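J.: Structure for this input, please:
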Amino acid sequence: MKTEDNLAQKERNRGFATAVSPTASTTIITHNDAIQGGETTINTQGENMPAWFARPKEADGPLPVVLVVQEIFGVHEHIRDICRRLAAEGYLAVAPELYFRQGDPSEYSDIKQLFSELVSKVPDAQVLADLDHVANWAAKHGGDMRNMAITGFCWGGRIVWLYAAHNPQLKAGVAWYGKLVGEKTMKQPKHPVDIAVDLNAPVLGLYGAKDDGIPLESVETMRQALHAANATAEIIVYPEAGHAFNADYRPSYHEASAKDGWQRMLAWFHQYGVKPAS
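T.: The predicted structure is shown next:
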């Protein structure tokens, strides 16, 4: 039995970031014969950026697009599966490797080291420009840029807010537990609270009340900034959830909050016109 447990654990760990191994028994891997996906490269700012995409195998006309922004761990198996889940809903989902110039997050086994040596060195301006090129790639590969949304998790949740203030073509955004306030640096000159007045697209924020890294005070600060800006946005706080509550491969996973958040995300996309043709 112990050998079988070890084999099951190894199978779950496959494709996940080293920094988050071992993975939890709640890990979800989507298998759906109606979707297709794989690796690709996207030309951006003179370089080829690796990315993962998933889409329905059969679809009439251009597909609605969802840009999927990684956690600090990069585009590992969980983010790829998010793309597959979105493809099963009828979307062309694309997750670019947004750290590819700075390094490979899969090489790090320590989260603090990963953040200090790699993640903190990635400029926001670079990320936003790369996402623009991802949108252009999607338009050339069966996607409809007029029907485009973005979602992101943790590090990517913060980027969702920034991108919603950056790209006027974006129709909707959903940020999962993305940092809202923080120290400003040359590479991160603004945070979501600073750009509330500049949002071009409606944003839904999904947060956990037990998130030690994103205190409720900062969530309330963001709410006040959004209200003052008269922005089209909403923040949901799950009382029993902590950080990374959608990360089913980690102990932080909170199933009820994750499932509710997923349905709210899809409803938000639909409400603002980013939905597959019926």
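J.: Quickly find the element holding Ile235.
T.: strand 233-238 (DSSP states H and E).
J.: buried ones in that strand?
T.: Within strand 233-238, the residues that qualify as buried by neighbour count (16 or more other CB atoms under 10 Å) are 233, 235, 237-238. Any C-beta I mention is one placed from the backbone N, CA and C, and that applies to glycine too.
J.: next SSE after that strand?
T.: Beyond strand 233-238 on the C-terminal side, the first helix or strand identified by DSSP H and E is helix 255-271.
J.: Does Ala138 touch Met145 like I think?
T.: Yes: here Ala138 reaches Met145: they are 6.9 Å apart, a contact under CB atoms under 8 Å.
J.: intersection of neighbour lists for these two?
T.: Common contact partners of Ala138 and Met145 (CB atoms under 8 Å, 6 or more residues apart in numbering): Val65.
J.: Which one's more surrounded, the two?
T.: When Ala138 is set against Met145 and neighbours are counted by other CB atoms under 10 Å, the residue ahead is Ala138, at 26 against 16.
J.: What residues does the nearest residue to the more buried one once chain neighbours are set aside make contact with?
T.: Of all residues beyond its chain neighbours, the one nearest Ala138 is Val65 (4.5 Å), with distances taken as CB to CB, 6 or more residues apart in numbering. Val65 is in contact with 91-94, 135, 138-139, 143-145, 147-149, 274, counting by CB under 8 Å, 6+ apart.
J.: Val65 falls within a strand, correct?
T.: Yes: the assignment for Val65, made by DSSP: H, G, I helix; E, B strand; the rest coil, places it in a strand.
J.: Check what pLDDT it gets.
T.: According to the predicted model, the pLDDT of Val65 comes to 98.
J.: same check, this time on Met148
T.: Looking at Met148 specifically, the model assigns a pLDDT of 98.
J.: give me the element it is part of.
T.: Assigned by DSSP H and E, Met148 falls within strand 143-153.
J.: and that strand, which strands flank it?
T.: The strands beside strand 143-153 in its sheet (DSSP bridges) come out as strand 63-69 (parallel), strand 172-176 (parallel).
J.: thinking again about what came up before, now, among the contacts of Val65, which is nearest to Asn48?
T.: The nearest member of the contacts of Val65 to Asn48, counting by CB to CB, is Val94 at 14.5 Å.
J.: list the contacts for that closest one?
T.: 42, 51-53, 65-68, 83, 134, 137-138, 143.
J.: filter those to the buried ones?
T.: For these, burial is judged from neighbour counts taken by 16+ other CB under 10 Å, and it is met by 42, 51-53, 65-68, 83, 134, 137-138, 143.
J.: re the thing from before, and the angle from the strand holding Ile235 to helix 255-271?
T.: Between the axis of strand 233-238 and that of helix 255-271 there is an angle of 160 degrees, by axes from the mean of the first three to the mean of the last three CA atoms, to 10 degrees.
J.: Given strand 233-238, what are its sheet partners and their directions?
T.: The partner list of strand 233-238 in its sheet, established with DSSP bridges, is strand 203-208 (parallel).
J.: Helices along the chain, start to end?
T.: With DSSP state H as the criterion, the chain has helices at 2-13, 77-88, 111-117, 124-140, 155-164, 216-229, 255-271.
J.: just how off-centre is the fourth one within its chain?
T.: Yep, that's helix 124-140 we're talking about. In terms of CA atoms, centre = their mean, to the nearest Å, the gap separating the centre of helix 124-140 from the centre of its chain is 14 Å.
J.: One more: the third one?
T.: Relative to the chain's own centre, helix 111-117 is displaced by 19 Å; criterion: CA atoms, centre = their mean.
J.: what's the answer for the last one, then?
T.: Between the centre of helix 255-271 and the centre of its chain there are 14 Å (CA atoms, centre = their mean).
J.: Check which residues of it are buried.
T.: With burial defined by 16+ other CB under 10 Å, the residues of helix 255-271 counted as buried are 257-258, 261-262, 265-266, 268-269.
J.: Run through who's touching that helix.
T.: With CB under 8 Å, 6+ apart as the criterion, helix 255-271 contacts 26, 64, 66, 85, 89, 149, 151, 171-172, 174, 176, 202, 204, 206, 208, 236, 238, 240-241, 245-246, 248, 275.
J.: Then stretch 202-214?
T.: The contact list for stretch 202-214, computed with CB under 8 Å, 6+ apart, reads 157, 160-161, 164, 172-180, 216, 219, 222, 231-243, 245-246, 254, 257, 261, 264-265, 268, 271-272.
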